[in-house]
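Visitor: task: produce atomic coordinates for the following.
(one chain, ligands or ions: 2)
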Amino acid sequence: MDIGVSLSPKKTEFAPLLFSGNLIKGMENARHLGYTGVELSLLDSSEIKKEWLMDKLEELNLKVYAIATGQTYYTDGYSLYSEEENKRWHAVNRVKGHIDLAVKLGSMVIIGGIRGKITAKVEAIKELEEKGKLALKACIEYAESKEVTLLLEPVNRYETNIINTLDESLELIEEIGSDHLKLLPDTFHMNIEEQSIEKSIVRAGSSIGYMHFADSNRLAPGWGHIDFPKVLSALKKIKYNGPIGIEVLPEPDDYRAAEQAVRYMSSIIKEVNK
Ligand code: LER
Ligand code: MN
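Guide: Ligands and ions are numbered 1, 2, ... in the order given. Model prediction:
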């Protein structure tokens, strides 16, 4: 199973990233620790030196499994479900830029934090939900034209009120009906929202396109109380063969978190596949 780690070239408000602000160090440590790839959390893909990045990835033999897009909301306040129309379209344009970069890198693009939060008054919620869906559909149409897969990530209730569970995501994926829209379950969010992490994974089955792994406290797997052998068994049951991404807090420090995550996950993957 391929394992990646979430990095960011910039220091960011969004906390569960390692080597944040030092992409080279992050990529070199990922290689050194035995990761096969990375996930990049980006504010704006136009700021990335694409040729430089592609050379570095080739030199280190690393893939970019996914581009994370939540910084657009956390840093700039643009989101797909914003009440302000111009902010919704700023968010769509950022996603389009990420899709262009994803074409070059062979990555998927995550629609998680960039959904934002619905802040409208009760009577206006329905209307805003439809407007958000239009923005999401604009992203999906662009992704289809570029043959890039988008990943819908359910996020826990304390961070958003738009799609908290896998079932809610599956409903929207079915409604939209695009084979370029897949599901990204994150064990940290699932631990808060799902009745059963394993049963939800099995129900989602082939809709899953990628996974985020963090423990119950968002530390590296093994340092909280999620039952990862059970999670891996559920993924085995549905014959999931995509990559998994480590998205954890840099505690006790970046290096030790990255080391624990890959060592612990590799040993469990081996155990489950015996
Ligand atoms: C992102 O991958 C995530 O898990 C969130 O907490 C919200 O962006
Ligand atoms: Mn996540």
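Visitor: residues touching Glu251, list them.
Guide: Neighbouring residues of Glu251 by CB atoms under 8 Å, 6 or more residues apart in numbering: Leu219, Ala257. (Each C-beta comes from the backbone N, C-alpha and C, glycine too.)
Visitor: give me the three-state assignment for it.
Guide: Using DSSP: H, G, I helix; E, B strand; the rest coil, the structure places Glu251 in coil.
Visitor: again, but for Ile163
Guide: Using three-state DSSP, the secondary structure recorded for Ile163 is coil.
Visitor: do the same with Val109
Guide: Val109 is classified as strand under three-state DSSP.
Visitor: any idea how many residues pack against it?
Guide: By the criterion of other CB atoms under 10 Å, Val109 has 28 neighbours.
Visitor: ok, it to Phe213 distance?
Guide: From Val109 across to Phe213, the span is 19 Å (CB to CB, to the nearest Å).
Visitor: with Ser107 instead?
Guide: Counting by CB to CB, the gap from Ser107 to Phe213 is 18 Å.
Visitor: where do the helices of the stretch 51-200 of the chain begin and end?
Guide: Using DSSP state H, counting those that start in this stretch, the helices of the stretch 51-200 of the chain run over residues 71-74, 85-105, 125-146, 166-176, 187-193, 197-204.
Visitor: which one of the ones you listed lies nearest to ligand 1?
Guide: The closest of the helices of the stretch 51-200 of the chain to ligand 1 is helix 187-193. By CB to the nearest ligand atom, the value is 6.1 Å.
Visitor: for ligand 2, what's its nearest residue on the stretch 1-150 of the chain.
Guide: Gly112 (5.8 Å; CB to the ion).
Visitor: who's in contact with that residue?
Guide: Gly112 neighbours (CB under 8 Å, 6+ apart): Ala68, Thr69, Gly70, Leu151, Leu152, Glu153, Val155, Leu184, Asp186.
Visitor: show the backbone phi and psi for it.
Guide: Here is the backbone geometry of Gly112 (degrees, to the nearest 10): phi -120, psi -100.
Visitor: any idea of the pLDDT on it?
Guide: At Gly112, the pLDDT value in this model is 98.
Visitor: ok, it to ligand 1 distance?
Guide: Applying CB to the nearest ligand atom, to the nearest Å, the value for Gly112 to ligand 1 is 4 Å.
Visitor: tell me the pLDDT of the residue nearest to that residue when sequence neighbours are not counted.
Guide: Leaving out its chain neighbours, the residue that sits closest to Gly112 by CB to CB, 6 or more residues apart in numbering is Glu153, at 3.5 Å. If you check Glu153, the pLDDT there is 98.
Visitor: hmm, Leu184 and Glu153 touching each other?
Guide: Yes - using CB atoms under 8 Å, Glu153 is in contact with Leu184, at 4.1 Å.
Visitor: quickly list what's touching both of these two.
Guide: With contacts defined as CB under 8 Å, 6+ apart, the residues shared by Glu153 and Leu184 are Ile110, Gly112, His212.
Visitor: can you tell me who the first one pairs with across the strands?
Guide: Note on Ile110: beta-bridge partners Leu151, judged by DSSP bridges.
Visitor: pull the number of nearby residues for it.
Guide: Residues lying near Ile110 (other CB under 10 Å) number 27.
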